[in-house]
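[1] Okay, sequence plus prediction incoming.
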Amino acid sequence: MTIDDFSSMSATPPAVGPIGPAGPRPPISVGPQAGPTFGEVLEQKGREVKLSTHAQNRLKSRNIPWDQTRQERLNSLIDKAAAKGARESLVLMEDVAFIVSVRNRTVITAVDGQNIKENVFTNIDSAVIG
């Protein structure tokens, strides 16, 4: 290339198109959506009961069943405890006792009916029977 070749070049860079696949982009929908809103999903996620590692181990070692129905029921009982200002609760459901951090919505431990007798539960401020 010579100096004359450079002088004939344009000082402005060539136009660059959009990055990504060529072709029209799908329209962005702003109207009503069929599913839940982001806020609803976030609220539901914040309401779900979590199991601590210790509680998971207890459920497994004591053969305590954990399913969606039990989780939903425990969610409801935690809501009741939270409405009363509870922080750490003993939640009795059927033949299982759960120690729950109400603020964190976390099951700390679980005790089945066989092991519940003559057991002492400490550091709780409430009990919920459901």
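    That came in fine, so what should we check first?

[2] now for the host helix or strand of residue 74, which elements pack on it?
    According to DSSP states H and E, residue 74 maps onto helix 68-83. Packing partners of helix 68-83 (3 or more CB pairs under 8 Å, 6 or more residues apart in numbering; DSSP states H and E): strand 88-93, strand 96-101, strand 126-129. C-betas here are computed from N, CA, C, even on glycine.

[3] What pairs with the shortest one, parallel or antiparallel?
    So the one you mean is strand 126-129. Applying DSSP bridges, strand 126-129 is found paired with strand 88-93 (parallel).

[4] what is the mean pLDDT for the partner strand?
    When pLDDT is averaged along strand 88-93, the result is 96.

[5] Pull the residues that contact it.
    70, 73-74, 77-78, 81, 97-102, 108, 121, 123-130 (CB atoms under 8 Å, 6 or more residues apart in numbering).

[6] List the buried residues for it?
    For strand 88-93, burial by neighbour count (16 or more other CB atoms under 10 Å) applies to 88, 89, 90, 91, 92.

[7] for stretch 51-66, same thing?
    Buried-residue list, stretch 51-66, by 16+ other CB under 10 Å: 51, 52, 55, 58, 59, 64, 66.

[8] Same list (these) but as CSV, adding secondary structure, pLDDT and distance to residue 113.
    Formatted as CSV, those follow (DSSP: H, G, I helix; E, B strand; the rest coil; pLDDT from 0 to 100; distance: CB to CB, whole Å):
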residue, secondary structure, pLDDT, distance to residue 113
51, strand, 95, 19
52, coil, 97, 21
55, helix, 96, 17
58, helix, 95, 13
59, helix, 96, 14
64, coil, 94, 10
66, coil, 93, 15
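
[9] And those, which two are furthest apart?
    52 and 64 (14.1 Å; CB to CB).
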